[in-house]
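# using only what follows, build the 3D model:
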Amino acid sequence: MVELSFPTDSRGVSPVIGVILMVALTVILATVLGTVVLDFASGLSEQPPQAAFGYERNDADEITITHVSGDQIDNNRVRITVDGDEVYPDDSDAAVSKTGWDSPIEAGDTVDIEHTDADGGDTVRIIWQNPSGQSANTLSTWQWPQG
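Alright, predicted model coming up:
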């Protein structure tokens, strides 16, 4: 009778499989991490401009807003509200935005806002909309004076 013997020593195969599994795990981990980091970076939004505004009351229903200093601002990204209601200047035309400012809004630029329903204590806000559309920031606030 002939006895068949098969090698039972599989020690050479085990390290090779271990290395292949470690490389595969590293590639998968790097892919997942890279995707998360790139997706996070694309979600970062543009920072709001830094600007200072001055307010002057002309009469009971009208104020002049002046961009005093700071960054230039795209006029299409700005809204002006009085107590939550968006307001528009009376003299705006097709050449200017709905806020009445030319673009870009620079230091020294002014706009007159009339709001017949303004009461003392109403809050005037200049709001900047992020280009991504995901957020808005209040650049400046001012309280409408009494009387």
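
# A helix includes Val27, no?
Yes. Under DSSP: H, G, I helix; E, B strand; the rest coil, Val27 sits within a helix.

# so who does it touch?
Counting by C-beta atoms under 8 Å, 6 or more residues apart in numbering, Val27 touches no other residue. Backbone N, C-alpha and C define where each C-beta goes, glycine included.

# all strands for the protein, in order.
51-59, 62-70, 78-82, 85-86, 110-114, 123-129, 136-143 (DSSP state E).

# go through these and pick out the most buried.
strand 78-82 (a mean of 20; mean count of other C-beta atoms under 10 Å).

# burial of Asn75, as a residue count?
18 (other C-beta atoms under 10 Å).

# report pLDDT for it.
Looking at Asn75, its pLDDT reads 85.

# that one contacts Pro104, correct?
Yes. Judged on C-beta atoms under 8 Å, Asn75 makes contact with Pro104 at a distance of 6.9 Å.

# let's have the strands of the chain in CSV, adding mean pLDDT and distance to Val27.
Below are those laid out as CSV (pLDDT from 0 to 100; distance: least, C-beta to C-beta, whole Å):
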stretch, mean pLDDT, distance to Val27
strand 51-59, 90, 48
strand 62-70, 90, 48
strand 78-82, 88, 47
strand 85-86, 84, 52
strand 110-114, 86, 57
strand 123-129, 91, 41
strand 136-143, 91, 41
